[in-house]
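I would like to see how this sequence folds:
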Amino acid sequence: MMQGGKCTIHDIKPETCRAGPFTFDLRDDRVQIFLKFESICPVVGLFKEVPSAYNLQYEQSVRNIAHLVSNLSREELVVISHIDEPDTEKVAEIPMGDIGSYVNRH
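Next comes the predicted model:
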């Protein structure tokens, strides 16, 4: 849960949480964006209740993912894509060629 703008579930934020409750995978030159289930990240329930909060977090998460994808080698991205992340649902797809346009969005 969030309290004072910080996650109260983890003392140290896992790397996967840097994109909020969103994660990604690469398939056929597309970046697929997934939302974690509430059982993994309880803040998802809040986002589903407050669409403006969801949209704000989604945009920030996509920028973080785009920055990460833009700065990793193809080999590193392949390794990341092989990490199984169950308990998620796909919410978007971005063509790899368009990912750079998301890095500097405000």
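
Tell me the pLDDT of G4.
As predicted, G4 sits at a pLDDT of 67.

Please disregard the earlier target; I meant V43.
Taking V43 on its own, its pLDDT is 85.

Number of residues surrounding it?
For V43, the count of nearby residues is 18 (other Cβ atoms under 10 Å). Heads up, the C-betas are built off the backbone N, CA and C, glycines and all.

Please report phi then psi for it.
For V43, the backbone dihedrals (degrees, to the nearest 10) come out as phi -70, psi -20.

Offset the numbering so it begins at 7, please.
With the count now opening at 7, the last piece we talked about shows up as V49.

Quick check, R36 in contact with M102.
Yes. Using Cβ atoms under 8 Å, R36 is in contact with M102, at 6.3 Å.

which is the next helix or strand following the lengthiest helix in the chain?
Scanning the chain for the longest helix, with DSSP state H as the assignment, gives helix 57-77. Under the assignment DSSP states H and E, the closest C-terminal helix or strand after helix 57-77 is helix 80-87.

Quick check, central residue of the chain?
F28 (2.8 Å; Cα atoms, centre = their mean).
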